[in-house]
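**Student:** just the structure for this:
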Amino acid sequence: MLTSVACIALPQMAPFEFGVLCEVFGIDRSAQGGPTFDFHVVAADPGPISTKLGFDVVVHEDLDFADRADLVAVPASIIGSEPDPRVLDVIRRAVDRGAWVLSVCSGAFTLGHAGVLAGRRATTHWMYTDQMAEMFPDTVVDPDVLFVQDGRVVTGAGTAAGIDAALHIVRTELGAAAANIIARRMVVPPQRDGGQSQFIQTPVPECRSDSFATVTAWMLEHLDEDLTVDLLARKALMSPRTFARRFRAETGTTPNAWLNRQRLLRAQQLLEETSLSLEEIARETGFGAAAVMRHHFVKVLQTTPTAYRRLFGVRGESMGEPVRELVGQAAS
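**Tutor:** Now for the predicted structure:
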């Protein structure tokens, strides 16, 4: 089980990506029923560690804690410089002993220099994927995903995708409820990692205008109903054609696609938190039948409702069981 996390501070690291790791793993959320990790920021040479924006972060611990942490996390830093050999050794030892290793953005290059990405799939910021593939030809670099898990090595794509990668590890180790609590505190959508849906390239966007925010809020309250474009257009006081066109312009997706994603999210919540049957959940969420709901789960999340409940349902004993087998299936 994931209880301890070491974040390695690197010279010229990116403050945002460093902050993502501190935010996900470094805050006590026990008051909200969330997890609390034994979180340490460490460095090869404790003291002031420079950032890309010109200010320093003062680190008080050396790398010793990283050798016993359940997760070793590496933020983004300057790509051109050779990482400290002591940092690379810590990363190699973490992989050898079966700990989680996580990189955010260009932190994947540090993992590449350590040799732990050889023969693995990985990702990094889309601006650097070609460079990464050239520097580490024995790594399969995927430029189109938010993050990649290969074994217990997780590489996040650019910047904010580090949140997705970090929440995925929390969800894998501690269950969906724990990840959702962290996401709510961070005011970010937990659905971007969606259990096994890490291969979704983009999240479902939120509406930007007040008019569509009102309509989508009404849609969320009536997911169990037959919400046709004609009905929604009448609610928005538009013609169906105008509504469909403007909805896509506002959200980046169609009304039906948006509805299906929200129905999936609601179904996930009910599977986690209730003992309703699959047919009841299907009716409650607007899928109508369990078979239809199962189709959408497999298509989007690469798992079934039954398997999802077994992993994350409150009645199950496997809330914290690893989901590596399902991840491997999704990646194949």
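
**Student:** can you map out the helices along the stretch 201-332 of the chain?
**Tutor:** Using DSSP state H, counting those that start in this stretch, the helices found in the stretch 201-332 of the chain span residues 210-221, 229-235, 240-251, 255-273, 278-285, 290-301, 305-312, 324-331.

**Student:** nearest to residue 162, of those?
**Tutor:** Closest to residue 162 of these, according to Cβ to Cβ: helix 324-331, at 17.9 Å. Quick note: C-beta positions are derived from backbone N, CA and C, even for glycine.

**Student:** hmm, back to that, mean pLDDT, mean neighbour count and distance to residue 84 for the helices of the stretch 201-332 of the chain - can I get that in JSON lines?
**Tutor:** Output for these, formatted as JSON lines (pLDDT from 0 to 100; neighbours: other Cβ atoms under 10 Å; distance: least, Cβ to Cβ, whole Å):
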{"stretch": "helix 210-221", "mean pLDDT": "82", "mean neighbour count": "15", "distance to residue 84": "48"}
{"stretch": "helix 229-235", "mean pLDDT": "93", "mean neighbour count": "16", "distance to residue 84": "56"}
{"stretch": "helix 240-251", "mean pLDDT": "88", "mean neighbour count": "16", "distance to residue 84": "45"}
{"stretch": "helix 255-273", "mean pLDDT": "89", "mean neighbour count": "19", "distance to residue 84": "42"}
{"stretch": "helix 278-285", "mean pLDDT": "96", "mean neighbour count": "18", "distance to residue 84": "51"}
{"stretch": "helix 290-301", "mean pLDDT": "91", "mean neighbour count": "17", "distance to residue 84": "39"}
{"stretch": "helix 305-312", "mean pLDDT": "84", "mean neighbour count": "21", "distance to residue 84": "38"}
{"stretch": "helix 324-331", "mean pLDDT": "32", "mean neighbour count": "15", "distance to residue 84": "30"}
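
**Student:** what about residue 34, distance to residue 305?
**Tutor:** For residue 34, the distance to residue 305 equals 25 Å [Cβ to Cβ, to the nearest Å].

**Student:** tally of neighbours for residue 54?
**Tutor:** 7 (other Cβ atoms under 10 Å).

**Student:** and it, that's in a strand?
**Tutor:** No. If the criterion is DSSP: H, G, I helix; E, B strand; the rest coil, then residue 54 is coil and not within a strand.

**Student:** show the average pLDDT along stretch 122-136.
**Tutor:** Looking at stretch 122-136 alone, the average pLDDT works out to 94.

**Student:** err, stretch 16-23, not the other one
**Tutor:** Mean predicted confidence for stretch 16-23 is 97.

**Student:** go on, stretch 29-43?
**Tutor:** Mean pLDDT, stretch 29-43: 96.

**Student:** show residues contacting it.
**Tutor:** Stretch 29-43 has contacts (Cβ atoms under 8 Å, 6 or more residues apart in numbering) with 2-10, 22, 25-26, 28, 49, 57, 59, 61-66, 69, 170, 174, 177-178, 181-182, 184-185.
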